[in-house]
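Engineer: Would you be able to build a 3D model of this:
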Amino acid sequence: MGYKVEKSDEEWRAQLTDEEYQVLRQAGTERAFTGEYTDTKTVGVYNCRACGAELFRSTTKFESHCGWPSFYDPSATDAVETREDRSLPGRPRTEVLCATCGSHLGHVFEGEGYDTPTDLRYCINSIAIRLEPTE
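Structural biologist: Below you'll find the predicted structure:
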């Protein structure tokens, strides 16, 4: 797949910390309730930590009590991509990727009963995003 931002593995390793690289480029997951944005209520825009593309806005962030920042909608329909993830045996999920650079962000879940306009929960690793506060 051709992304707008394409870098070699060596370039990504040089740009990202080991922890960022493990999540963003190797589809890892940070431990629940450890991310810096899990409970953040600051108003602003959440950008991809790898390429800086806008992904989510604080207006769609909600408390899901799942251990990771949760959003019910990306900031634009083309901000993220999804694909099937069968990495956990017997538990298919939908992976969420940055549409600009292809970095792994987390997963999206549907129909969990959250009172949101989309009935979706984008469960995103804090380490995959960076908050740009607005005033």
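Engineer: looking at this, Glu10 is in a strand?
Structural biologist: No - going by DSSP: H, G, I helix; E, B strand; the rest coil, the assignment for Glu10 is helix, not a strand.
Engineer: All the strands of this protein, residue numbers only.
Structural biologist: Across the chain, reading from the start of the chain, the strands by DSSP state E fall at 44-48, 54-57, 61-62, 70-71, 80-85, 93-98, 104-110, 120-124, 129-133.
Engineer: And those: which comes nearest Gln15?
Structural biologist: Ranking the strands of the chain by distance to Gln15, with CB to CB as the measure, places strand 44-48 first at 12.0 Å. From N, CA and C alone the C-beta is placed, and that goes for glycine too.
Engineer: Which other helices and strands does that closest one contact?
Structural biologist: Under the contact criterion of 3 or more CB pairs under 8 Å, 6 or more residues apart in numbering; DSSP states H and E, the helices and strands touching strand 44-48 comprise strand 54-57, strand 129-133.
Engineer: Return the distance of the first one from the chain's centre.
Structural biologist: The one in question is strand 54-57. Averaged C-alpha coordinates place strand 54-57 at 9 Å from its chain's average position (CA atoms, centre = their mean, to the nearest Å).
Engineer: contacting residues around that strand?
Structural biologist: 44-48, 71, 73-76, 79-80, 98, 105, 122, 124, 129 (CB atoms under 8 Å, 6 or more residues apart in numbering).
Engineer: Ranking the helices and strands packed on strand 44-48 by mean neighbour count, which comes first?
Structural biologist: The densest packing among the helices and strands packed on strand 44-48, expressed as mean neighbour count by mean count of other CB atoms under 10 Å, is seen in strand 54-57 with a mean of 22.
Engineer: Direction included, what does that strand pair up with?
Structural biologist: If you go by DSSP bridges, strand 54-57 pairs up with strand 44-48 (antiparallel).
Engineer: quick one, the strand it pairs with and strand 104-110 angle?
Structural biologist: 120 degrees (axes from the mean of the first three to the mean of the last three CA atoms, to 10 degrees).
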